[in-house]
Each structure stands twice: as C-alpha cells, then as structure tokens.
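[1] turn this into a model:
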Amino acid sequence: MAAAALGNLISDIVGLGASGSIEASASRMGIEEPSMTHYQRIMPRVKLTRWAGSLLGVSLGCLLGMVPLLFFNSSSNMKDVHDMQVEISELEQKVKEMSEARGSSGGAEAAALNGT
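    Numbers count the residues shown, from 1 in each chain. Predicted structure coming up:
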C-alpha cells in the first residue's frame, strides 16, 4: 500500500509538471488550443470534457503508480515478518534469562555504570 501511495504522489506531481510540456509539444506538432469565446468555455459540454480529460489523466497516473505492486510477493514478505517476530521473541527470552542470571548483582552494576 505504501508503494501505491508513493506512486500516486509521484504520478500526480509529474502530471502537474508535465502538463505544460505536453501542451507545448502539442503546439509544436501543430495541435493548437482551440480558440473559444467566454460563453463556449462556460458551456456544460466543454466543462464536462475538460473534467473528463483531467479525470482520465489522474486515473492513468494512479494506475501507473501501482505498477510496483505487481512485483510485490506477499507470501515471501509475510514469511520475513514471521521470521523477524521469532527472532525478536528469542532475543527477548535471552535478555530475560540474562537478567535473571545476574539476579541482584544487576542493580550494583547499574549503579556502578551511573557513577553512584
């Protein structure tokens, strides 16, 4: 999920930055921005088309941002998490055994380390 979120963020940022370049490239290829009057720009059909284009661009960017999830092997990662939990439990047990073995001398050692 973190990869998807990060991919979404990156694709949105790239999309914002690339919009000017895409428009400039379209102009160089001979595709010009349509000249519309104020009344044409406020027409529902024009607003809907602009909104649909933005929605399509953001959706494609989000989908591209999720590509790393195709390479995510959840069973392997869950095994790694389980192995780490086992190691932590073993370490906790060793620490507990060591502190029990020291008994009351642990307090004297701690006091010596603190300089008291």
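
[2] the bottom helix or strand of the protein by mean pLDDT?
    Lowest by mean pLDDT, DSSP states H and E among the helices and strands of the chain is helix 105-114, with a mean of 55.

[3] model confidence at Ile31, what's the number?
    With respect to pLDDT, Ile31 has a value of 85.

[4] and for it, the neighbour number?
    By other C-beta atoms under 10 Å, the residues close to Ile31 number 10. Glycine gets a C-beta too; all of them are placed from N, C-alpha and C.

[5] mind checking the SS state of it?
    Of the three states, Ile31 takes coil under DSSP: H, G, I helix; E, B strand; the rest coil.

[6] run the chain-centre distance for the longest helix anywhere in the chain.
    The longest helix of the chain (DSSP state H) is helix 74-102. Averaged C-alpha coordinates place helix 74-102 at 28 Å from its chain's average position (C-alpha atoms, centre = their mean, to the nearest Å).

[7] now it: average pLDDT?
    81.

[8] before we move on, what about stretch 53-66?
    80.

[9] need the contact partners of it.
    Stretch 53-66 is contacted from outside by Ala3, Ala4, Leu6, Gly7, Asn8, Leu9, Ile10, Ser11, Asp12, Val14, Gly15, using C-beta atoms under 8 Å, 6 or more residues apart in numbering.

[10] give me the buried entries from those.
    Among those, the ones that count as buried by 16 or more other C-beta atoms under 10 Å are Ala4, Gly7, Asn8, Ser11, Gly15.

[11] any chance of these in JSON lines with secondary structure, distance to Ser54 and pLDDT as columns?
    Below are the buried ones among the contacts of stretch 53-66 laid out as JSON lines (DSSP: H, G, I helix; E, B strand; the rest coil; distance: C-beta to C-beta, whole Å; pLDDT from 0 to 100):
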{"residue": "Ala4", "secondary structure": "helix", "distance to Ser54": "20", "pLDDT": "69"}
{"residue": "Gly7", "secondary structure": "helix", "distance to Ser54": "19", "pLDDT": "75"}
{"residue": "Asn8", "secondary structure": "helix", "distance to Ser54": "15", "pLDDT": "75"}
{"residue": "Ser11", "secondary structure": "helix", "distance to Ser54": "13", "pLDDT": "75"}
{"residue": "Gly15", "secondary structure": "helix", "distance to Ser54": "9", "pLDDT": "76"}
